[in-house]
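> sharing a model prediction with you, sequence too.
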Amino acid sequence: MVLIMFCACLIAFAPSCSFNRAFTEPAENEKKTAHDTSRPAQKAIDDTGKQARVPIDDPVRQAQMDIADGNYKRALELYAGAYEKNSGPEMRDNYIVTGDQLRKTADTAYQTKDFAEAGNIYNTLIESGIFTRDFASSLSFNEAYLNRQKIACSKALLEAGLTIYRDGKLEDAISIWKKAQVFDHDNKDIKGAIETATTQLQNLKNIKKQIP
């Protein structure tokens with residue numbers, strides 16, 4: 001009789017134990033699901049890390065915007081600063097392409113006789129320090145070429161100013177020469193021409209004041 005009662009108790013409590021185990025332990029598919037849900041978070045971290053490892057995007061984008069606005073000096077300054085921090089192949093290639101792009105822009109301005117624009121770009125490239133970079137030999141131009149072009153622009157503006165000067169248009173002549181002086185700071189011929197024309201212009205104004 002005791003044995004029969006003991007067996008009945010085992011049968012009564014067995015389902016309860018099985019239910020508790022099933023309730024407290026997650027099923028295999030639930031374990032897999034819980035594990036999988038952690039992957040997107042890790043992937044997002046990886047993606048963010050990857051984006052953070054591309055530091056050239058912002059300076060390159062800003063430099064191209066500056067070039068579009070005609071602010072060539074600032075564009076080259078951005079590249080110089082970025083290259084100091086990251087001289088990797090991608091930044092290096094972008095820097096070279098930009099230098100070549102500006103040289104072509106200057107050449108186009110020169111061919112269309114916009115000597116002030118051309119001279120400014122040639123000089124900006126010279127003063128940017130681009131030839132001190134380890135990739136200087138990979139550029140499509142050299143410093144000697146830029147200096148020749150810069151001098152040619154300066155001479156063209158000097159002659160254009162002299163032509164107008166001989167016609168008595170002193171203010172217009174001075175204006176042209178000052179455009180050349182912006183990129184050819186130490187040109188003694190241009191400096192002398194400006195000083196002479198300015199003195200003559202002031203003398204004419206003084207004479208006019210004396211006429212009743």
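Sure thing, it's come through.
> which residue ranges of this structure form helices?
Chain-ordered helices for the chain, with DSSP state H as the definition, fall at 2-24, 28-36, 38-52, 57-68, 72-85, 89-111, 115-127, 143-166, 170-183, 188-210.
> how about the fifth one: buried residues?
Right, the one you point to is helix 72-85. 72-80, 82-83 (16 or more other CB atoms under 10 Å). C-beta here means a position set from N, CA and C on the backbone, and glycine is covered the same way.
> below-threshold pLDDT in this protein: ranges please.
1-56 (pLDDT under 70).
> swap in 90 and give it another go.
Low-confidence segments of the chain, defined by pLDDT under 90, span residues 1-60, 204-212.
> could you report the distance from the residue nearest the centre of it to Lys104?
When the chain is reduced to its mean C-alpha position, the closest residue under CA atoms, centre = their mean turns out to be Ala63, at 2.1 Å. For Ala63, the distance to Lys104 equals 16 Å [CB to CB, to the nearest Å].
> what does Ala173 give?
According to CB to CB, Ala173 stands 31 Å off from Lys104.
> the more surrounded of these two?
Relative neighbour count places Ala173 above the other of Ala173 and Lys104, with 25 against 13, counting by other CB atoms under 10 Å.
> tell me who's in contact with that one.
Residues touching Ala173, when contacts are defined by CB atoms under 8 Å, 6 or more residues apart in numbering, comprise 161-162, 164-165, 193, 197.
> grab the nearest non-local neighbour of it.
Beyond its immediate neighbours in the sequence, the residue positioned closest to Ala173 (CB to CB, 6 or more residues apart in numbering) is Tyr165, lying 3.9 Å away.
> pretty sure that neighbour is touching Ala193, no?
Yes - with the criterion set as CB atoms under 8 Å, Tyr165 and Ala193 qualify as a contacting pair; they are 7.4 Å apart.
> before we move on, back to that, out of the helices of the chain, which comes closest to Phe135?
Taking CB to CB as the criterion, helix 89-111 is the member of the helices of the chain that comes nearest to Phe135, at 5.5 Å.
> fine by me, we can end here.
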